[in-house]
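> Pasting a predicted model and its sequence here:
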Amino acid sequence: MGNSLGGADATMLDIFDPELPQVVNGRCYAKDTTPAVIETVTEEVFVAPASYNPDGSLYAPERYKTITNPVIIKDREELQFETPCPQLLTVERTSTLQRALKARGYFYGPVNGKMDFVTKTAIRKFQKERGTDSSYLTMHTAQILGVIEYHREDLDNG
């Protein structure tokens, strides 16, 4: 099973439940989709010039029409990244994550060791500022926050 943590490693990252990371060569990977950012743009478009009476007084003012259009500011994005495997995210490590996010001003909930909505919201805010718009914890974030240790091969590869 490709999504099974105990089964054979997956060879390809296809569509799967992001709550259950896919295992490839002993490492876990998650997928997430960021929605497109759409902004409504409103503009006034000139329709007709002003018209005047023979004596020069205004008969009808200029006419404008309001047009509203949706504009895609940022396209939807499919993200794929390494994530800590579920067995690594113990209550103790999740509490460490919450404390690290709290110390940096991102987490405002109780430190309870649960990967709850408040924790995922804090993860998203922290990661979004660093280029990954996802509430799923990336391995990089877990490492820079001191939740997961760096391995020598990770340091050697960048």
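That came through fine. Residues are numbered from 1 along each chain as shown.
> give the contact list for the most centrally placed residue in the chain.
The chain has residue 133 as the residue nearest its centroid, 2.0 Å off, counting by C-alpha atoms, centre = their mean. Shown in contact with residue 133 (C-beta atoms under 8 Å, 6 or more residues apart in numbering): 34, 77, 79, 124, 127. Placement of C-beta: from N, CA and C, glycine included.
> Same check on residue 74?
By C-beta under 8 Å, 6+ apart, the contact set of residue 74 is 36, 37.
> Please apply the same query to residue 93.
Contact analysis of residue 93 by C-beta under 8 Å, 6+ apart lists 84, 147, 148.
> one more time with 7 Å, if that's ok
The contact partners of residue 93, by C-beta atoms under 7 Å, 6 or more residues apart in numbering, come to residue 147.
> May I see the buried residues of the helix or strand containing it?
For residue 93, the host element (DSSP states H and E) is helix 91-103. Within helix 91-103, the residues scored as buried using 16 or more other C-beta atoms under 10 Å are 93, 94, 95, 96, 97, 98, 100, 101.
> so where's the chain uncertain?
Within the chain, the segments meeting pLDDT under 70 span 1-20, 152-158.
> how about the strands in it?
Along the chain, counting by DSSP state E, strands occupy 22-24, 27-34, 37-48, 51-52, 58-60, 63-74, 77-83.
> Tabulate the ones you listed in JSON lines, adding columns for distance to residue 115.
Putting the strands of the chain into JSON lines (distance: least, C-beta to C-beta, whole Å) gives the following:
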{"stretch": "strand 22-24", "distance to residue 115": "18"}
{"stretch": "strand 27-34", "distance to residue 115": "13"}
{"stretch": "strand 37-48", "distance to residue 115": "26"}
{"stretch": "strand 51-52", "distance to residue 115": "67"}
{"stretch": "strand 58-60", "distance to residue 115": "64"}
{"stretch": "strand 63-74", "distance to residue 115": "27"}
{"stretch": "strand 77-83", "distance to residue 115": "12"}
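> Single out the most deeply packed of those.
Most buried of these, by mean neighbour count (mean count of other C-beta atoms under 10 Å): strand 22-24, with a mean of 20.
> Relative to that one, what are the paired strands and their orientations?
Strand pairing for strand 22-24, using DSSP bridges, gives strand 27-34 (antiparallel).
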